[in-house]
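A.B. asks: Build me a model:
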Amino acid sequence: MEIILAIVVASAVIFFGALISMGNERQRKAIDGLREQVTLWAIQDLKIKYEMLAVKVKIEDPVEWLRSLLSNYYGQSQTIRIIEKFENPIALVCDVGSNNLKIILTPCSPANIRQIARSKKSRISEYDFRNPLLSLPRNAINHEFSALNNSITFNAELPIVWKELTGNLLIGSDSLWMYEI
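C.D. replies: Now for the predicted structure:
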């Protein structure tokens, strides 16, 4: 009789443990669904706020905007002078600061530049061989400017500034890469 009672008690404990476990799993799924809905709502809210800000974006002086961007990066006020523009791949070569540091600004990431440099000879013939992007050393110091490390309106400001400075539209890029040469 004691064995039957022990089996019944053990079975009841296992049964109630299984019921609690199933209830916890159901709650976990409900909380995960709620978390996903809150995340989607937050993203949509940020998109609405961004669109409201993007409409108001006006850049009076693109060179000043660029100077401000570089001053924030270097941690001190910088002067900037655009030296040369290249078309294919598109790039700006600039003098920065009083120590004549030269930088290249481009929407091309290091992976894109390596891909262009490795492409077949017939394909390279369409690119400008004087372009300093095609002769960058592999260990060149680079930095990506984007909305993640700048202002929330960076993605709206960058195309305006790029169009003013180069005369070309910036399509399909939300980042500006800087290479120190």
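
A.B. asks: Could you use CA atoms for every contact and neighbour count after this?
C.D. replies: Noted.

A.B. asks: List the contacts of the residue sitting nearest the centre point of the chain.
C.D. replies: Nearest to the mean C-alpha position of the chain, by Cα atoms, centre = their mean, lies Ser146 at 5.0 Å. Applying Cα atoms under 8 Å, 6 or more residues apart in numbering, we find Ser146 in contact with Phe154, Asn155, Asp174, Ser175, Leu176.

A.B. asks: Take these and keep only those in helices.
C.D. replies: Counted as lying in helices by DSSP state H, out of the contacts of Ser146, are Phe154, Asn155.

A.B. asks: Could I get the phi/psi values of the residue nearest to the centre of the chain?
C.D. replies: Dihedral angles phi and psi of Ser146 (degrees, to the nearest 10) take the values phi -150, psi -180.

A.B. asks: how much space is there between it and Leu158?
C.D. replies: Distance, Ser146 to Leu158, using Cα to Cα, to the nearest Å: 9 Å.

A.B. asks: Which is the succeeding secondary structure element to the stretch of helix or strand Arg35 belongs to?
C.D. replies: In this assignment (DSSP states H and E), Arg35 forms part of helix 2-55. Following helix 2-55 in sequence order, the next helix or strand is helix 62-74 (DSSP H and E).

A.B. asks: Now for this structure, the helix or strand with the poorest mean pLDDT.
C.D. replies: helix 121-124 (a mean of 50; mean pLDDT, DSSP states H and E).

A.B. asks: ok, Ala91 - contacts?
C.D. replies: Lys85, Ile104, Leu105, Thr106, Pro107, Asn131, Leu133.

A.B. asks: List the contacts of the closest residue in space to the fifth one that isn't next to it in sequence.
C.D. replies: Nearest in space to Pro107, with sequence neighbours left out and distances taken as Cα to Cα, 6 or more residues apart in numbering, is Leu176 at 4.8 Å. By Cα under 8 Å, 6+ apart, the residues touching Leu176 are Leu105, Thr106, Pro107, Cys108, Glu144, Phe145, Ser146, Leu158.

A.B. asks: Report the beta-bridge partner residues of Leu176.
C.D. replies: Beta-bridge partners recorded for Leu176 (DSSP bridges): Phe145.

A.B. asks: on that earlier part again, common neighbours of Ser146 and Leu158, please.
C.D. replies: Asp174, Leu176.

A.B. asks: thinking again about what came up before, nearest to Lys56, of the contacts of Leu176?
C.D. replies: Distance to Lys56 across these (Cα to Cα) is lowest for Leu158, with 13.9 Å.

A.B. asks: Report how many residues lie close to the closest one.
C.D. replies: For Leu158, the count of nearby residues is 24 (other Cα atoms under 10 Å).

A.B. asks: Test for you: state the pLDDT assigned to it.
C.D. replies: pLDDT, Leu158: 90.
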